[in-house]
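Q: generate a structure from the sequence data that follows.
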Amino acid sequence: MAPSARETSQYRWPTPLVLRLVGRITALLGAVWILGIFVDIGTGADVGPRGYAVALIFTLALLAAALVMLWRPPLVIEVTADGYRLHHLRGGGVASARWRDVGSAKTQSTPNGPVLVIQLSDGRRSLVPLTLLGARAAEVEREIHDRLTVGHGYRPLSG
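A: Down below sits the predicted model:
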């Protein structure tokens, strides 16, 4: 089904990827707490209630950030009728462009996994790691091709 002309599609990190990151953060926090307690007991340096309160506030802030990330995963790409915009991608190339400036879009294999390469007419490009999109990777590719076709003014042949 082709997207409507006014519709904006947002593609975010998949839940398993977010859960893996939140799990690592939680495990790291637990290890830091255990290490901190051993250091406090072993050295005899009394951290006191203020030290524990600061550590607890820091821990709660990190856990709150992790819960927000679970509730609303980071945005990877936003696709509109006019063009696309990349979000939170380091080394992704061109952050946004209009469809009329895009020459092609194709999937390419890299050592880090498949990447959607959006090649602009002037030679610049955008790279979208498909592993960041999980099961929706094929949907993103299909929508970008549909939007690119409409953006260049192509219409299906009618019989």
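Q: element containing the residue positioned nearest the centre of the chain, please.
A: For the chain, the residue nearest the mean C-alpha position is V76 (3.8 Å; CA atoms, centre = their mean). Using DSSP states H and E, V76 sits within strand 75-79.
Q: contacts for stretch 97-104, please.
A: 82-84, 118-122, 126, 147-148, 150-152 (CB atoms under 8 Å, 6 or more residues apart in numbering). Glycine gets a C-beta too; all of them are placed from N, C-alpha and C.
Q: quick one, which of those residues are buried?
A: Buried members of these, counted by 16 or more other CB atoms under 10 Å: 83-84, 118-120, 126, 147-148, 151.
Q: among those, name the ones in strands.
A: Of those, the ones assigned to strands by DSSP state E are 83-84, 118-120, 126.
Q: which of these sits closest to G91?
A: Nearest to G91 among those, counting by CB to CB, is S126 at 10.5 Å.
Q: that closest one and V94 touch, don't they?
A: Yes. The criterion here is CB atoms under 8 Å, and S126 meets it with V94 at 4.7 Å.
Q: hey, what's in contact with both of these two?
A: 86, 118, 120.
Q: closest to T59 among the residues you listed?
A: L86 (32.2 Å).
Q: for the closest one, name its beta-bridge partners.
A: I77 (DSSP bridges).
Q: now swap in K106 and tell me
A: V117.
Q: surely V76 meets H88?
A: Yes. If you go by CB under 8 Å, V76 and H88 touch, sitting 6.8 Å apart.
Q: can you give me the helices in this structure?
A: For the chain, applying DSSP state H gives helices covering 15-43, 48-71, 137-151.
Q: return the residues in contact with L63.
A: Applying CB under 8 Å, 6+ apart, we find L63 in contact with 26, 29.
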